[in-house]
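J.: Need coordinates for the below:
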Amino acid sequence: MKRPRAIPDRLGGREREILDTIFALGNRASSEEIRARLIEPPGESSVRVMLARLEKKGFLKHQQEGLRYVYSATASPAAAKRTALQRYVQTFFGGSRQEMLTALITESPLTDEEFDALKAEIDRVRDERKKQS
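T.: Model prediction:
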């Protein structure tokens, strides 16, 4: 089986939607569960064809449970999250993480507790970086 480098931008929209759905379902789902979550779902046989194609490309694997296959992504949820976040930052903020973070804290009504938790996380990451230097 081919192993993906990461979840690339060249996946089709439906392929990406299927992978996103599998992650949303805890990285373990049958074709019926996946199809039920798709926007304007195609027929069951079309979903199975797309799943087989993603498996052949190395993005999915399956286990047989009784008469059904249960699919999971070959990339970890953490790797998929990083890829999706990078794609989002590039698409909407020209690659600037600072612009994205600024938009998040100015456009969202964060509570004082949320601001405090965010500041604590920033301080924690700074401290870890200092220890590693």
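
J.: separation between residue 96 and residue 21?
T.: 29 Å (CB to CB, to the nearest Å). Just so you know, the C-beta spots here come from the backbone N, C-alpha and C atoms, and that holds for glycine as well.

J.: So those two - more neighbours on which side?
T.: Taking neighbours as other CB atoms under 10 Å, residue 96 and residue 21 compare with residue 21 leading, 18 against 13.

J.: which residues of the protein fall in helices?
T.: Assigned helices in the chain, in chain order: 13-24, 31-37, 44-57, 77-93, 97-107, 112-132 (criterion: DSSP state H).

J.: Pull out the buried positions in the least confident helix or strand in the chain by mean pLDDT.
T.: When each helix and strand of the chain is scored by mean pLDDT, DSSP states H and E, helix 77-93 comes last, with a mean of 87. Burial within helix 77-93, assessed by neighbour count using 16 or more other CB atoms under 10 Å, is assigned to 80, 83, 89.

J.: one step back: save the helices of the chain as JSON lines, and put in distance to residue 63 too.
T.: Below are the helices of the chain laid out as JSON lines (distance: least, CB to CB, whole Å):
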{"stretch": "helix 13-24", "distance to residue 63": "13"}
{"stretch": "helix 31-37", "distance to residue 63": "13"}
{"stretch": "helix 44-57", "distance to residue 63": "12"}
{"stretch": "helix 77-93", "distance to residue 63": "17"}
{"stretch": "helix 97-107", "distance to residue 63": "37"}
{"stretch": "helix 112-132", "distance to residue 63": "36"}
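
J.: which stretch in those is the model least sure about?
T.: In terms of average pLDDT, helix 77-93 trails the rest of the helices of the chain, at a mean of 87.

J.: circling back to that earlier point, need the buried residues of helix 77-93 in JSON lines (columns: distance to residue 32).
T.: Shown next, in JSON lines, are the buried residues of helix 77-93 (distance: CB to CB, whole Å):
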{"residue": "80", "distance to residue 32": "22"}
{"residue": "83", "distance to residue 32": "27"}
{"residue": "89", "distance to residue 32": "34"}
